[in-house]
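Undergrad: coords please:
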Amino acid sequence: MPVDKEPLSQARFEFAADGLGKDLLVESVSGVKMSIPVTNADGAFGVKTGSKVNRQAAPSAVESSDVTVTFVTSSKDPKAVSKWFYDSHSTPDLGGATGTKGKTDQATLTVFKQDGSASASWTFKGVMPMTYKMSDLDAAGNQSLKETITFCYEYVERTN
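TA: Take a look at the predicted model:
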């Protein structure tokens with residue numbers, strides 16, 4: 001019997017982005033954060049007639065943080081993550097056009113319920129990979145090879 005108010009598990013999620021390929025193994029997603037700073041919240045911003053202080057806190061523009069996604073590299077498509085990064089940027093030594101011709105991507109982060117249905121999702125628009133990092137290699141290691149991308153975005157919306 002389905003639970004009416006099922007708590008969502010942080011381990012049941014999917015990350016997908018245009019230009020990134022399908023069915024990639026995602027280990028973690030972090031950094032989804034938005035804030036609306038308040039202007040003039042810490043003091044007066046003017047004085048009126050009769051020496052009356054005027055205070056008014058007002059919301060300013062939404063600020064967001066960069067999102068970091070760690071992938072487990074798979075033999076199915078081992079270059080997918082680095083290709084997404086390199087296609088978004090000019091060649092470091094020669095410059096020139098990007099593989100995406102300046103088009104930014106859209107990405108989605110979806111969290112699932114126990115029955116496999118989507119329960120929460122965020123859509124990121126204007127996605128641009130900023131950094132790429134590969135895990136360290138170790139001859140005595142027992143960890144999977146991982147690739148980490150940090151991306152910025154123009155807008156995020158909670159869509160579900």
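Undergrad: which neighbours does the longest strand along the chain have in its sheet, and in what orientation?
TA: In the chain, taking DSSP state E as the definition, the longest strand is strand 118-134. Applying DSSP bridges, strand 118-134 is found paired with strand 105-112 (antiparallel), strand 146-152 (antiparallel), strand 155-158 (antiparallel).
Undergrad: Count the neighbours of Asp105 for me.
TA: 20 (other Cβ atoms under 10 Å). Just so you know, the C-beta spots here come from the backbone N, C-alpha and C atoms, and that holds for glycine as well.
Undergrad: With only the CA atoms kept, save the longest strand of the chain in PDB.
TA: These are the backbone C-alpha positions of strand 118-134, laid out as PDB (Å, rounded to 0.1, in the frame of the first residue of the first chain):
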ATOM      1  CA  ALA A 118       9.200  11.300  -9.900                       C
ATOM      2  CA  SER A 119       8.400  13.300  -6.800                       C
ATOM      3  CA  ALA A 120      10.600  16.300  -6.900                       C
ATOM      4  CA  SER A 121      12.500  18.000  -9.700                       C
ATOM      5  CA  TRP A 122      14.500  21.000 -10.600                       C
ATOM      6  CA  THR A 123      15.200  22.400 -14.100                       C
ATOM      7  CA  PHE A 124      18.400  24.400 -14.700                       C
ATOM      8  CA  LYS A 125      18.500  26.600 -17.700                       C
ATOM      9  CA  GLY A 126      21.500  28.200 -19.300                       C
ATOM     10  CA  VAL A 127      23.800  25.500 -18.000                       C
ATOM     11  CA  MET A 128      27.600  26.000 -18.700                       C
ATOM     12  CA  PRO A 129      30.200  23.500 -17.400                       C
ATOM     13  CA  MET A 130      32.900  25.500 -15.600                       C
ATOM     14  CA  THR A 131      35.400  23.000 -14.200                       C
ATOM     15  CA  TYR A 132      36.300  19.400 -14.900                       C
ATOM     16  CA  LYS A 133      38.200  17.100 -12.500                       C
ATOM     17  CA  MET A 134      39.200  13.500 -12.700                       C
END
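Undergrad: could you show me where the strands are in this protein, in order?
TA: Secondary structure of the chain, counting by DSSP E: strands at 13-17, 25-30, 34-35, 38-39, 46-48, 52-54, 58-59, 63-64, 67-72, 105-112, 118-134, 146-152, 155-158.
Undergrad: wait, isn't Val81 in contact with Val26?
TA: No. Val81 lies out of contact with Val26 (Cβ atoms under 8 Å); the separation is 10.1 Å.
Undergrad: Which residue is most remote from the mean position of the chain?
TA: Gly50 (50.3 Å; Cα atoms, centre = their mean).
Undergrad: Brilliant, that's me finished.
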